[in-house]
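Undergrad: What follows is a predicted protein model with its sequence.
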Amino acid sequence: MLPQLKILIIEDSAELLEQLAGSIRSTTELFDRPDIELTVVEADRVQSALEIVHNDGDIQAVVFSWDTEVKAFEIGETGNSKVQNNAVVIEAIKNIRPELPVYVLGDAIKGLDIVNQTTGMESFFYRNDIISDPESILGYIINDFDDRNETPFWTAYKEYVLEANDSWHTPGHSGGASFRNSPYISDFYRFFGRNVFVSDLSVSVDSLGSLSDGTHAIGRAQSALAATFEVRHSYFVTNGSSTSNKIILQTLLREGDKVIADRNCHKSVHYGIVQARAMPVYLDSVFNPDFGIFSPPRLSQLKELIEENQDAKLVVLTGCTYDGLLTDLRQVVELAHSYGIKVFIDEAWFAYSLFHPQLRPYSAIYAGADYVTHSAHKVVSAFSQASFIHVNDPDFDEDFFKEIYSIHTSTSPKYQLIASLDVCRQQLEMEGYKIINELLSNVAELKEQVARFSRIRILEAKDFARAFDHFEQDNIGHDPLKILIDVSALSYSNQEIHRFLMDEVGLEIEKFTHSTILVLLTLGGMRSKIVRLYNALKKLDQGKASLNRSKSRPAIPSSIPAINLEMLPSTAFFGKREPIPWQESAGRIAAGLVTPYPPGIPLIIPGQRIMQEHIDYLRSLANQKLTIQGLYDGELYVQAE
């Protein structure tokens, strides 16, 4: 299986199209590239070319003949008239795949005018030169392909490991020798294999670079990442997006600074605010008890809080909820920036958002957010703990950022994690669109089939619009790759459904509520897995699963009590504290975070006075087999009296 470099040629003259395609095809063998499969695809109309770009993710270059006649309807506009400027064709291609290079062929005399009329063109070539000397453009295309396909760190890392140098430095197992030669732990070596150990290197390898300083191969890999994501700066993080979030918060906030935050943010955001000694102003959670899920916060409340707190330094939101609900971040960014407030988006579950036009409108980077974090290990192809930080802030204090980064980053980062981030970027650049397009197509087919079921259904936008009254008004979206399945009509308990799916298809459910189960499709999702899931759901729907039946459904609270802080969270968190039984905590100031899982939304924040309604809420969750973080042997921490 080789990488495919398909070159799409657009020319409406049949004779010229044949000449151009033939010239390039006849030249491919001269480049002696057995490592790639190089082919040419022809299109005599712009409309068919755009269909090819949309459907064939292996197209890696477009050659567009500028004199091609383009009708308005071909690019999605009304009418049959000829467009005035063919630059709209390049724009239409980039709207589907921004990363796709477009090379323009035209009359050399008009070359400068063509350049002035376009944006997004990779390069210009004289059409007659291509016919007589096709090596010129093909060499250019292959070179650009190689640049996009480059993995600066992974390539240098692999080459160094294959040199098999003697290890006279850390780590102490010396390329696996201490494992390999032991009668007790050699099975550990055999299980993982030689490459895992010989590639576990010390940070003493200068040529590979420093993670904290961003030098050499690591620096080049991070620059490539920034180019792929179209941001000013990008950074690798090897201890998860929890740390990425804390790095950004501590970079931007000082003691007492106001930060407007989504209460539904990951707990790392709340802890990061504590560490920065900032004062959060929380947006309310919006909860639907029927499905047991949360929506993004109301934009109307965000507007109110910004207007009431114009001295706020930062807005922090979760770009994509666990269940795939998406905030219209363009509205958020425009509103915050109009008041001079920075925007930070935790986009842990939506790292692929830029790479498909169906998802891109909800991308934090596309919306212009100043700071974005991606859990590269959650839904794209990186090892656990691997994360990206992206920066687009024109006022970015890089020196201070690097100090905070050094506080949180290990001085002995694992090179395998860094390499996985490098190849993760490569895959998104080269085939992210192709993979996501196939996944979306598979999900659409699954939904079509499940729609015939009598009891199980996959929730869609219309269901979320009924569940949340601000869904349409706030232009909330949904990521189809987060498949939320309503199983409330089944006569089995969720535990039984979970057990059946695990036994039937080896499906470890990502999250479930009293009425739904969540299945994530990631870049590793395969069609065969979807077919197996469908088969299992069909058995459940038809009652052909041998499970214990249960009609009882636990009652769940319809809302979460609001957060009202009486002091800086850091003052309560770092002050003198004492544990007391949670049932007796009414009236006391909380000194720790209390978070029920699921859904993972904090109930109590340090600095908050605990009310009876918080205790009643905890009591209602007590019999639901939930994990409540922040309770220790039935006690929680409060400020000492």
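TA: Yep, that arrived.
Undergrad: Arg466: neighbouring residues, count only.
TA: If you count neighbours by other Cβ atoms under 10 Å, Arg466 ends up with 12. Heads up, the C-betas are built off the backbone N, CA and C, glycines and all.
Undergrad: Any chance of the backbone angles for it?
TA: Backbone dihedrals for Arg466, given as degrees, to the nearest 10, come out at phi -70, psi -30.
Undergrad: again with the one 5 residues further on
TA: Summarising the backbone geometry of Phe471 under the convention degrees, to the nearest 10, its torsions are phi -60, psi -50.
Undergrad: surely it meets Ala465?
TA: Yes: in terms of Cβ atoms under 8 Å, Phe471 counts as a neighbour of Ala465; the distance is 4.4 Å.
Undergrad: More neighbours: which of these two?
TA: Here Phe471 and Ala465 are set side by side on neighbour count (other Cβ under 10 Å), and the busier one is Phe471, at 21 against 15.
Undergrad: Contacts only, for that one.
TA: Ser295, Ala461, Phe464, Ala465 (Cβ atoms under 8 Å, 6 or more residues apart in numbering).
Undergrad: Tell me the secondary structure at Leu439.
TA: Using DSSP: H, G, I helix; E, B strand; the rest coil, the secondary structure recorded for Leu439 is helix.
Undergrad: That one: neighbour count?
TA: Applying the criterion other Cβ under 10 Å, we find 22 residues in the vicinity of Leu439.
Undergrad: again with Val372
TA: Neighbours of Val372 under the rule other Cβ under 10 Å: 30.
Undergrad: and it, what pLDDT?
TA: Taken from the predicted model, the pLDDT recorded for Val372 is 98.
Undergrad: ok so it is a strand residue?
TA: Yes: when three-state DSSP is applied, Val372 is found to be in a strand.
Undergrad: so what's it bridging to?
TA: Partner residues in beta bridges with Val372: Ile345, His390, with DSSP bridges as the criterion.
Undergrad: Identify the residues contacting it.
TA: Going by Cβ under 8 Å, 6+ apart, Val372 touches Val231, Gly319, Phe344, Ile345, Glu347, Ala364, Ile365, Ile389, His390, Asn392.
Undergrad: which residues does the third one contact?
TA: Think Phe344. Under the criterion of Cβ under 8 Å, 6+ apart, the neighbours of Phe344 are Ile248, Leu249, Leu252, Leu314, Val315, Val316, Leu317, Ala369, Asp370, Tyr371, Val372.
Undergrad: wait, isn't the fifth one in contact with Lys342?
TA: Read it as Val315. Yes: Val315 is in contact with Lys342 according to Cβ under 8 Å; the separation is 7.3 Å.
Undergrad: how about the contacts of Phe471 in a markdown table, adding distance to Leu490?
TA: Output for those, formatted as a markdown table (distance: Cβ to Cβ, whole Å):
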| residue | distance to Leu490 |
| --- | --- |
| Ser295 | 24 |
| Ala461 | 23 |
| Phe464 | 21 |
| Ala465 | 24 |
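Undergrad: ok, of those residues, which come out buried?
TA: Ser295, Phe464 (16 or more other Cβ atoms under 10 Å).
Undergrad: just to revisit the earlier point, looking at Val315 and Lys342, which is more packed in?
TA: Val315 (28 against 22).
Undergrad: outside of stretch 247-261, which residues touch it?
TA: Residues from elsewhere that reach stretch 247-261 (Cβ under 8 Å, 6+ apart): 237, 269-270, 272-273, 275-283, 302, 305-306, 309, 311-317, 341-342, 344, 371, 373, 389, 397, 400-401, 404-405, 407-408, 568, 570.
Undergrad: can we see that at 7 Å?
TA: Contacts of stretch 247-261 from elsewhere in the structure, counted by Cβ atoms under 7 Å, 6 or more residues apart in numbering, are 269, 272-273, 275-283, 305-306, 309, 311-316, 342, 344, 371, 373, 389, 397, 400-401, 404-405, 408, 568.
Undergrad: And that stretch, end to end?
TA: End-to-end distance of stretch 247-261 (Cα to Cα, to the nearest Å): 16 Å.
Undergrad: that older thread, quick check: ChimeraX command selecting the buried ones in the contacts of stretch 247-261.
TA: Below is the selection syntax for ChimeraX that covers the buried ones among the contacts of stretch 247-261, with 16+ other Cβ under 10 Å defining burial:
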select :269,272,273,275,276,277,278,279,280,281,282,283,305,306,309,312,313,314,315,316,342,344,371,373,389,401,404,405,408,568
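Undergrad: So which of the contacts of stretch 247-261 belong to strands?
TA: The strands, defined by DSSP state E, take in 279-283, 314-316, 342, 344, 371, 373, 389 from the contacts of stretch 247-261.
Undergrad: Does Phe179 touch Ile185 like I think?
TA: Yes: between Phe179 and Ile185 a contact is recorded at 5.3 Å, counting by Cβ atoms under 7 Å.
Undergrad: Between the two, point out the one with more neighbours.
TA: Between Phe179 and Ile185, counting by other Cβ under 10 Å, Phe179 is the more crowded of the two (20 against 12).
Undergrad: backbone phi and psi for the more buried one, please?
TA: When read as degrees, to the nearest 10, the backbone of Phe179 gives phi -80, psi -50.
Undergrad: Make residue 1 into 13 and carry on from there
TA: Taking 13 as the first residue, the last one we looked at is Phe191.
Undergrad: which one is it nearest to, not counting chain neighbours?
TA: Tyr201 (3.8 Å; Cβ to Cβ, 6 or more residues apart in numbering).
Undergrad: Just to check, that neighbour is in contact with Arg192?
TA: Yes: Tyr201 is in contact with Arg192 according to Cβ under 7 Å; the separation is 4.9 Å.
Undergrad: Which one of those two is surrounded by more residues?
TA: Neighbour comparison, Tyr201 and Arg192: the larger count goes to Tyr201, with 19 against 16 (by other Cβ under 10 Å).
Undergrad: Show me which positions of the helix or strand hosting that one end up buried.
TA: Applying DSSP states H and E as the criterion places Tyr201 in helix 198-204. The neighbour-count check on helix 198-204 (16+ other Cβ under 10 Å) flags Tyr201 as buried.
Undergrad: Report the next helix or strand after that helix in sequence order.
TA: Under the assignment DSSP H and E, the closest C-terminal helix or strand after helix 198-204 is helix 206-210.
Undergrad: Send me that following helix as CSV with only the CA atoms.
TA: Written as CSV, here are the backbone C-alpha positions of helix 206-210 (Å, rounded to 0.1, in the frame of the first residue of the first chain):
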residue,chain,number,x,y,z
ARG,A,206,12.8,-4.6,20.5
ASN,A,207,11.9,-1.3,18.8
VAL,A,208,10.0,0.0,21.9
PHE,A,209,13.1,-0.3,24.0
VAL,A,210,15.8,0.8,21.6
